[in-house]
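Participant: What follows is a predicted structure for the sequence shown.
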Amino acid sequence: MRRLLWSIAVLISSVCCGQTPRLPQGASGDEILKKVDLNMFSENKIILSRMIIHGERGSRTVEAKSWQRGTRESFSEFLAPARDKGTKMLKLQDMLWTYSPSTDRTILISGHMLRQSLMGSDLSYEDMMEDPHLPHLYTATVSSEEAIGGRLCWVLDLAARKEEISYFSRKVWVDKARYILLKENLYAKSGKLLKTMDIREVMEVKSHWIAKSILYKDALKEGEGTEFFVDSIVLDTTIPDYIFSKAALRK
Amino acid sequence: MYIFKLAFRNILGAGLRTWLNVVALSFSFVAIIFLQGIYTGMNDQVEQATIDAFYGGGQFWEKSYDPYDPLTLDDAHAPLPASLEDLVKSGQAAPLLIRPAAIYPEGRFRTILLKGIAPQQNVLSIPSSLLKDGEGLIPALIGTRMAKSTGLHKGDELTIQWRDAHGTFDARTVVIADIVRTSVQEIDNGQVWIPLDQLQSLSAMPGHATMVVLKRNTQPPAMLQGWEFRSLDYLLQDLHAVVRSKRIGGSILYLVLLFLAMLAIFDTQVLSIFRRKKEMGTLMALGMTRWSIIELFTLEGGLHGILAACVAALYGIPLLGYIARTGWELPGAADTVGFAIGEKLFPTYSAGLIVGTTVLVLLVTTIVSFLPTRKIAQLKPTDALRGKMS
């Protein structure tokens, strides 16, 4: 009882101070995951990002501006390279459309096409479609503690709550002080490692710790993976409704 | 009859000119029969190989399956109806489960179709019995084209990634149990075959199949809910259409050959009529009608065709017979055109083909021989005797 009261007191005081609440020692995996979720999500955000895709024939950089509202609506416009400039993507709930200016056509990405690589990167379209709220999808248990880049982390084993899920299990490394994932491994049902994500740099924006530089890697594929950089981010800003409409794709 | 004798004597008397025409025309005969035989043989060979390896005696497709639309594959699976289950148990049918998947040969991503087949089936010629033992790993079969394009060899291990019925990723390592030497693309390119029960179990689709292939001459059950029967006529229609279009394309070559031969016949006829005006005048003076002379000259031209058929038979029968027995070895590049031909193509010459070609060439030769002779209809015997054409 005393522990519970202590937890509530810590939580209230942290929220009041606008800081990420800290969990006591011995916190459960699910509690940690909820805290990660709390840290990760904001109402709205506008992100300017760069993606460096390392392929067999060299590397290329894709720049994009994205508008996100909650986790179910997002709109992205590619700014560079010239070949991809003007390409737009709209995600509404479970639907994903892309617009290509060269063909002036809007295409609904569905079924088999969702498995295709996103702009040749190590990410697939369906990785974008995943519900990013991990506590909705997984139960977590703390398996150990490890240090990554000098930051002490909880290592959580995530097991799927339901059958309808892309990755059967995950292993995540959560910064104990900042509640941000510093590393994530995604596994197949057989336990084979499929994808990895390494966060190399983080930044604090409005009391949220956000990944600034991430390396995504398809573990089954050879290569150096895909680097993702957040160049600027604006949280909890006003985004007009028309951005999240199909009409915006052709604008 | 005397016209026939006269015509025959005349063309033999023309010597080398006649034989040059005859030999040129005989080439057309042989080329037409050879090319037609090639297309017929190709059709038969591809049809037989594809039936043996994949089509069987027809297929039942799960209702959402469309081989030309990969988007349908996710949902194209269902448990077998009782009547198909009975056929499978009695060895009269083989169920196949098809799942979209990805492989990573040499670390490169490649999408494939992962196909499950029962190792004990004897409906299709795929050597599925080789899938019985994987020494702890899932055994897999691939075709020669697939092996070549991925650089895989027998005994190599390969990671395959796919989604189960719930959309969850699974990835397993399979071992290439053997490379199947097949000419049938439908079981080769972009495909990996593993045991059906393992694919069903790993995909959380127990007892499910995408299609059921019937053994040849098996009576298909009546309409089945959720399944559509595709007869051999339906399955082979694309192949027949391709062969038909290739046959039409190929016909351009023998039309050119025939045209050249006909040009030679036409020239010969024009020259004959020009040079033999006095002869025509003499024949008319002796009482021959103009139409009898036209008949004579047309017959002379037509006899070129008959002689060409005889000459063509003389060297064509042994030559084409030899090719039909030993086959025509195809260059390596031919393997990539997408036809289940194999390394050798065996032409098929039917009686209809030979008779039809002979009749066609004779008919065309006769018509071409007749055309220049129409001038004779206006010929005056007095002018002809003086060597003039009126």
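Facilitator: All right, it came through fine. This structure is a prediction, so every number in the text was calculated from the model and none was measured.

Participant: where does the chain have low pLDDT?
Facilitator: Went with chain A since none was named. A:1-26, A:111-113, A:115, A:128-129, A:131 (pLDDT under 70).

Participant: hm, I was asking about chain B
Facilitator: In chain B (pLDDT under 70), the answer is B:133-135, B:331-343, B:389-390.

Participant: Could you chop it up by domain?
Facilitator: Chain B breaks down by automatic domain parsing into domains covering B:2-51+B:238-385, B:59-230.

Participant: what distance separates the start and the end of the first one?
Facilitator: So that's domain B:2-51+B:238-385. Using CA to CA, to the nearest Å, one end of domain B:2-51+B:238-385 lies 22 Å from the other.

Participant: Specify the beta-bridge partners of A:L215.
Facilitator: A:D198, A:E227 (DSSP bridges).

Participant: residues contacting the residue in chain B that chain A sits nearest to?
Facilitator: Proximity of chain B to chain A (CB to the nearest CB) peaks at B:G107, 2.7 Å away. C-beta: built from backbone N, CA, C; applies to glycine. B:G107 makes contact with A:L220, A:K221, A:E222, A:G223 under the criterion CB atoms under 8 Å, 6 or more residues apart in numbering or on different chains.

Participant: which residues sit in contact with the second one?
Facilitator: When you say that, I think you mean A:K221. Per CB under 8 Å, 6+ apart, neighbours of A:K221: A:D122, B:Y104, B:G107, B:R108, B:F109.

Participant: now do the third one
Facilitator: Applying CB under 8 Å, 6+ apart, we find A:E222 in contact with B:E106, B:G107, B:R108.

Participant: again, but for the last one
Facilitator: For A:G223, the contact set (CB under 8 Å, 6+ apart) comprises A:H54, A:G55, A:E56, A:D122, A:K217, B:G107.

Participant: Which among the residues you listed count as buried?
Facilitator: Neighbour-count burial (16 or more other CB atoms under 10 Å in any protein chain shown) applied to the contacts of A:G223 gives A:H54, A:D122, A:K217.

Participant: Let me know the closest of these to chain B.
Facilitator: Distances from chain B to the buried ones among the contacts of A:G223, taken by CB to the nearest CB, are shortest for A:D122, at 9.5 Å.

Participant: my guess is the closest one is in a strand, correct?
Facilitator: No. Assessed with DSSP: H, G, I helix; E, B strand; the rest coil, A:D122 is coil; it does not lie in a strand.

Participant: Hmm, it is touching A:D218, no?
Facilitator: Yes. Counting by CB atoms under 8 Å, A:D122 touches A:D218, with 4.4 Å between them.

Participant: who touches both of these two?
Facilitator: Contacts common to A:D122 and A:D218, judged by CB under 8 Å, 6+ apart, are A:K195, A:G225.

Participant: longest helix of chain B?
Facilitator: helix B:232-275 (DSSP state H).

Participant: Look up how far chain B lies from A:D94.
Facilitator: 12 Å (CB to the nearest CB, to the nearest Å).

Participant: Quick check: which element contains the residue lying farthest from the centre of chain B?
Facilitator: What lies farthest from the middle of chain B is B:T382; by CA atoms, centre = their mean that is 58.9 Å. Secondary structure assignment for B:T382, by DSSP states H and E: helix B:381-385.

Participant: rewinding a little: just the buried ones among the contacts of A:G223 now: which is nearest A:E43?
Facilitator: Checking the buried ones among the contacts of A:G223 against A:E43 by CB to CB gives A:D122 as the nearest, at 29.1 Å.

Participant: Please enumerate the helices of the chain.
Facilitator: In the absence of a named chain, this looks at chain A. A:2-16, A:29-40, A:125-129, A:134-137.

Participant: if you could check chain B rather than the one you did, that'd help
Facilitator: Counting by DSSP H, the helices of chain B are B:2-13, B:16-50, B:82-89, B:144-150, B:196-202, B:232-275, B:277-285, B:290-326, B:351-373, B:381-385.

Participant: Would you quantify the distance from the residue of chain B closest to chain A to B:L137?
Facilitator: The spacing between B:G107 and B:L137, counted by CB to CB, to the nearest Å, is 19 Å.

Participant: go on, A:T141?
Facilitator: 30 Å.

Participant: same check, this time on B:A165
Facilitator: Applying CB to CB to B:A165 and B:L137 gives a distance of 23 Å.

Participant: Which positions in the stretch 151-251 of chain A make contact with chain B?
Facilitator: Residues of the stretch 151-251 of chain A lying close to chain B (CB under 8 Å from any CB of the partner chain) are A:160, A:163-168, A:188-190, A:192, A:194, A:218, A:220-223.

Participant: Identify the residues contacting A:D241.
Facilitator: Applying CB under 8 Å, 6+ apart, no residues contact A:D241.

Participant: now do B:L239
Facilitator: B:N43, B:V46, B:E47, B:T50.

Participant: What about these, which one has the most neighbours?
Facilitator: The residue in these with the most neighbours, by other CB atoms under 10 Å in any protein chain shown, is B:V46 (24 neighbours).
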